[in-house]
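> Provide a 3D model corresponding to the input given below.
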Amino acid sequence: MGHVDVAHLEYVLPDGRPLLGDVSFRVGEGSVVALVGPNGAGKSTLMKLITGELTPESGTVTVSGGLAVMPQFVGSVRDGSTVRDLLISVAPDRVKNAAKAVDEAEALIAVDDSEKAQMAYAQALSDWADADGYDYENTWDMCTQAALGIDYWSAMGREASSLSGGEQKRVVLEALFRNPAEVLLLDEPDNYLDVPSKRWLEEKLSETKKTVLLISHDRELLSVAAQKILSVEPAPAGADVWVHGGGFATFAEARKARFARFEELRKRWDEQHARLKKLVVDLRQAASVSHAMSSRYAAAQTRLKKFEEAGPPPEPPREQDITMRLKGGRTGVRAIEVQQLELTGLMKPFDLEVFQGERIGVLGSNGSGKSHFLRLLAGQDVAHTGSFKLGARVVPGHFAQTHAYPELEGRTLLDILWSEHSLQKGPAMSSLRRYEMEQQAEVTYERLSGGQKARVQILRLELGGATSLLLDEPTDNLDLESAEALQAALEAYDGTVLAVTHDRWFAKTFDRFIIFGSDGVVRQSDTPVWDEKRVERER
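Here you go, the predicted structure:
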């Protein structure tokens, strides 16, 4: 079985700022370990250092048993990649290389029917067989059957962008758990998954014999599956990693107790420092009147000097202080009216009334039309029949699940806040500081982590003055502190909220729920319901 050893790892960002400093930990054979910490603290970077995608300034990484990786974002909405491409992306290198050779040979033979091209194609197919490619295709058939309900040969040519984010992740996860590698690195594997798929993932993590290191902010998943917690804690000299040997259930209390110990150690150091300084002053006075006290005075000076050179105990990691100010505003009594609305090919016609100030959770399986519904309400072009109407003074603010905003790429946060909201540098920095984003002020949008992009989206909603929020999985990439800050902001928000979510903690804060069924029927419930069959029985 495999393991991961990280020893004294240091990494410096291209702008010279230390991101990671002297990080050491071990992920033992067959264990499931979670990596948590603030957005932008270096979790994904640490994963890339383990895979070898990035090179550290110093330190070592040792991995045994083979390595398979799920990046934070597994598909692309723009490059035309297919389901086959998704599966190949997490296959061993020999399979990737053989698949690339087959693709190149097929492209050549399509325009060149010479004997040489045909021989190259035959060789590529032979190499594909030698790389166990046909065996992998059989395995991938099991993956697509489990994730999509269709065989591999029917699914392989479909564009990945035609799948929901959760369907893409489920396909890749099915392949990774069948991968021969004994070590899995999973970066936000639960993002975009619906609740049945999250429960499937929790079961797989509990059952697997593989060694797993995963990044997640899903509190349910962490409490069920993580045997140990690695907390990335930012510091001026670079983030360190604190290892909590227990599970997530005891993590918060253990971290609180750890911070209390920091404070106690500093208090004791200050008290001892004050005593030594007082002793030196007292002995200096005594030595001035008695030569016999001079040696004791010198010894006290030496002791004080050594104590001060050793320095105080380390400062505790700075805790995040995030303040989101979603203001909203009064609207007409009926914020949203829907009549016989049907999104083409996704759901059956349904009616809906949403009243001003309501908090409504939008639940349902992946691919059932939830995200399309929010995009339609936000004014985007979504094929539909029937009608919908926004109430008086309703200004919709849309939070996109994928954070895909091509118009923001290449622009710094300061530039975005100036061009969109006319914020000068001072007020812009103040806003970014409330979101713990001031250090990213000059960073371009595409270089931000998923959680940082989510914070930027929420800040844009705040500054845009939306009176109704249409949130598509807003907590997916947010760290624990940011998710709690968002929940607090929504409680104080004077407006209407519709939120697509699979976050079981977050869902507890809503008034009622709309369930988009896989059968195309849209139902309503007073409680969060993740089992569609139960809803059908209750009706």
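
> Need phi/psi at the residue nearest the centre of the chain.
When CA atoms, centre = their mean is applied to the chain, the residue found nearest the centroid is Asn477 (3.4 Å). Note on Asn477: backbone dihedrals following degrees, to the nearest 10 are phi -100, psi 0.

> And this structure, split by domain according to the record?
1-81+165-271, 92-158, 334-538 (automatic domain parsing).

> where are the low-confidence patches of the chain?
Confidence mapping of the chain against pLDDT under 70 gives the ranges 75-79, 531-539.

> State the distance from the residue nearest to the centre of the chain to Thr496.
Per CB to CB, to the nearest Å, Asn477 is found 24 Å from Thr496. C-beta here means a position set from N, CA and C on the backbone, and glycine is covered the same way.

> what's the answer for Gln272, then?
Computed as CB to CB, the Gln272 to Thr496 distance reads 58 Å.

> Over to Tyr297?
Note on Tyr297: its distance to Thr496, by CB to CB, is 74 Å.

> For these two, indicate the residue with more neighbours.
A direct count of neighbours by other CB atoms under 10 Å for Tyr297 and Thr496 places Thr496 higher, at 26 against 20.

> what about the nearest residue to Glu233 once chain neighbours are set aside, which SS state?
Closest residue to Glu233 apart from its sequence neighbours, by CB to CB, 6 or more residues apart in numbering: Pro317 at 3.6 Å. Put simply, Pro317 is coil when judged by DSSP: H, G, I helix; E, B strand; the rest coil.

> show me what contacts Lys267?
By CB atoms under 8 Å, 6 or more residues apart in numbering, the contact list for Lys267 is empty.

> and it, what element?
Taking DSSP states H and E as the criterion, Lys267 maps to helix 251-289.

> Can you point out the buried residues in the very next helix or strand once past that helix?
Sequence order places helix 294-310 as the next helix or strand after helix 251-289, per DSSP H and E. The neighbour-count check on helix 294-310 (16 or more other CB atoms under 10 Å) flags Tyr297, Ala300, Leu304, Phe307 as buried.

> what sits against the third one?
Taking CB under 8 Å, 6+ apart as the criterion, Leu304 is in contact with Leu276, Lys277, Leu279, Val280.

> so how far is Val456 from the first one?
Remark: distance between Leu276 and Val456 (CB to CB) = 49 Å.

> quick one: which of the two has more around it?
Val456 (22 against 18).

> Give me the distance between that one and Ala378.
Distance of Val456 to Ala378, given as CB to CB: 17 Å.

> And the strands in the stretch 101-250 of the chain, which stretches?
183-187, 211-215, 228-233, 240-244 (DSSP state E, counting those that start in this stretch).

> Which positions in the first one come out as buried?
Going back to what we said before, that points to strand 183-187. For strand 183-187, by 16+ other CB under 10 Å, it's Val183, Leu184, Leu185, Leu186, Asp187.

> ok, that strand: who's next to it in the sheet?
When sheet partners are counted by DSSP bridges, strand 183-187 sits next to strand 67-70 (parallel), strand 211-215 (parallel).

> Secondary structure class of the residue nearest to Tyr435 when sequence neighbours are not counted, three-state.
In this structure, Tyr435 finds its nearest non-sequential neighbour in Arg455, 4.9 Å apart by CB to CB, 6+ apart. What three-state DSSP gives for Arg455 is helix.

> got the contact list for Arg455?
Arg455 is in contact with Asn39, Ile322, Tyr435, Glu436, Met437, Leu478, Ser482, counting by CB under 8 Å, 6+ apart.

> same question, Ile458
Applying CB under 8 Å, 6+ apart, one finds that Ile458 lies in contact with Met324, Leu326, Phe399, Tyr435, Pro474, Leu486, Ala489.

> Find the helix or strand that it is a member of.
Going by DSSP H and E, Ile458 is part of helix 450-464.

> Quick one: work out the angle between that helix and strand 211-215.
For helix 450-464 against strand 211-215, the angle by axes from the mean of the first three to the mean of the last three CA atoms, to 10 degrees is 20 degrees.

> list the buried ones in stretch 425-445?
For stretch 425-445, by 16+ other CB under 10 Å, it's Ala428, Met429, Ser431, Leu432, Arg434, Tyr435, Glu436, Met437, Gln440, Ala441, Val443, Tyr445.
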